[in-house]
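Participant: Sequence first, predicted coordinates after that:
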Amino acid sequence: MDWRRRNFIKAALGGLAGLSAADVFRARATAAEQGKSVGRKSVILLWMAGGPSQIDTWDPKPDRPLENRGPFAPIATAVPGVFVCEHLPRQAAMLDKFTIIRSVDCAGSDHSPSAVLQTGNRQARPATNPRGSLYPAIGSFVAKFKGPNQPGMPPYVAFNRDPDHVPGGGYLGMQYDPLNGHRAAGLPDYSGFGRLIGYRAQVDEAMHFQLPEGVGKRRMLERRNLSGSLDRVRADLDLTGTMDAMDHFQQQAVEMILGGRAQAGFDISREPQAVRDRYGKHLWCQQALLARRLVEAGVSFVTIDLSLGVNAGDWDSHGREHAFGGIVTSPDERWGTKGLQPLLPVFDHLITTLVADLEERSMLDDVLILALGDFGRDPVIGTQGGFTGGRNHWPRVMSMCLAGGGLNHGQVIGSSDAPGGEIKDRPVTPADLAATIYRHMGVPLDATYLDNSGRPNFIVDENGQPISELF
């Protein structure tokens, strides 16, 4: 047992007392006995906290005036007639493996907390609805109704620093909250806003997965003592017969915490150096590699919060004077380079490397990848007093992309109007996205859960339907 166990235990030990994971394992066994598929399907959600601009990413408007179209040029893609932002060249070259949706209806969505799109429920607005934080995340429903793909693995993992960026179990209970992968993998913490290119984002590998600088003998002994304590816990369970007294599913829950399968999944040092170099040292890219390792090991749902800051998130591109910057690169003496422009190459490398890696491992048809944020951005730049070079919140229309899952790709679904500020055709709702994920994961669309009053609720809100063009 090495030092990484401390981080994993810190993230997961809360579930040991109740052994709630046993319920997940038991439900999976029951489903298998009934002939229901439990499969190897999984989801990786790339959460672009703050809301990426649709016009400056996947829905360029090159024929519009500058204040509308923005500063970036469009480039052709592998799908004839489809153009994307010039700062997404890798994705453009392999767009036949992606689907772009240009007509997502984000009405009611907000950020910090940002729950509507991650729950599929427009009521999940803690800022305006006192019960908003109680609506379970899509990942939590997957954890409850499907569980992990492999015993000994957590079903739902999230890499996030700000707890408001990723919702949890809510009405389902804390046992369906995501395991904090950031802590489990021993990733570094950050303070402040906009630390991306040119500052601490290109983190030394030692800061990610090796002992931090300055760890002395005393701390090493403390960690060794913790390791020994955990081994003794397991030994005591065996000697006293406690493990034997537990049913099979409770034993699986204990193994998830005290066993080695999950810890191995979080141990990136087991990857060949060439693979680690391929993903690169950027924190988000390392998290993407960990996400691939985790779904390969049996995790069903992984969320990566693509944000180094707290509160709104790094994609909140209001203007140069804003903490996260505007659209173009904006140097900041304290935080380094910020803005949308420096984010896009990192994202472009991350998502295309992940898709290519999954395909080479024959996993892409089983893993559904989604990239989206809270909402779109104002079609007119510079409309906020005192801000320049940015766009305000715009929940009327948003663009997003998908890949993998064995779905039909190489297409664009829906469109916006000429300025890019309204849905022109084929609106897609948050509930439609949730239903699409559940269809992929084999979760019944008519499944229900109980709220605190004991009233049953459908997991798919407002008549949401799987996006038919994908199936």
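Facilitator: That came in fine, so what should we check first?

Participant: give me the number of residues near the closest residue to Pro154 other than its chain neighbours?
Facilitator: In this structure, Pro154 finds its nearest non-sequential neighbour in Leu179, 4.3 Å apart by C-beta to C-beta, 6 or more residues apart in numbering. Bear in mind the C-beta positions are built from the backbone N, C-alpha and C, glycine included. Using other C-beta atoms under 10 Å, Leu179 is surrounded by 25 other residues.

Participant: Then the one 3 residues further on?
Facilitator: Each residue near His182 was counted by other C-beta under 10 Å, and the total is 22.

Participant: so what's it scoring on pLDDT?
Facilitator: pLDDT, His182: 82.

Participant: could we number from 24 for the rest of this?
Facilitator: Will do, 24 is the new start, and the previous item becomes His205.

Participant: Give me the three-state assignment for it.
Facilitator: helix (DSSP: H, G, I helix; E, B strand; the rest coil).

Participant: what's the closest non-adjacent residue to it?
Facilitator: Per C-beta to C-beta, 6+ apart, closest to His205 is Phe182, 5.0 Å.

Participant: Please report phi then psi for the one you found.
Facilitator: Per-residue torsions, Phe182: phi -100, psi 100 (degrees, to the nearest 10).

Participant: related to what we said a few turns ago, distance of the residue nearest to Pro177 from Leu306?
Facilitator: Computed as C-beta to C-beta, to the nearest Å, the Leu202 to Leu306 distance reads 18 Å.

Participant: What segments of the stretch 374-494 of the chain are helices?
Facilitator: 453-464 (DSSP state H, counting those that start in this stretch).

Participant: Show me where it dips below the pLDDT cut-off.
Facilitator: 408-409 (pLDDT under 70).

Participant: Helix, strand or coil: sort out Asn144 for me.
Facilitator: Strictly by three-state DSSP, Asn144 counts as coil.

Participant: Could you report the neighbour count for Asp128?
Facilitator: With other C-beta under 10 Å as criterion, Asp128 counts 20.

Participant: if you skip the residues just before and after it, what's nearest to it?
Facilitator: In space, Asp128 is closest to Pro450, 4.6 Å off (C-beta to C-beta, 6+ apart).

Participant: For that neighbour, which residues are in contact?
Facilitator: 126-128, 437 (C-beta atoms under 8 Å, 6 or more residues apart in numbering).

Participant: Please repeat the previous calculation with a cut-off of 10 Å.
Facilitator: 124, 126-128, 130, 420, 437 (C-beta atoms under 10 Å, 6 or more residues apart in numbering).

Participant: Next: Gln434.
Facilitator: 102, 105, 118-119, 121-124, 492-493.

Participant: Give me the phi and psi angles of the nearest residue to Ala470 once chain neighbours are set aside.
Facilitator: In this structure, Ala470 finds its nearest non-sequential neighbour in Ile482, 4.9 Å apart by C-beta to C-beta, 6+ apart. Backbone torsions for Ile482, taken as degrees, to the nearest 10, come to phi -70, psi -20.

Participant: Report the separation between Ile482 and Ala454.
Facilitator: Taking C-beta to C-beta, one finds Ile482 at 10 Å from Ala454.

Participant: Now the common contact residues for the two.
Facilitator: With C-beta under 10 Å, 6+ apart as the test, Ile482 and Ala454 both reach 142-144.
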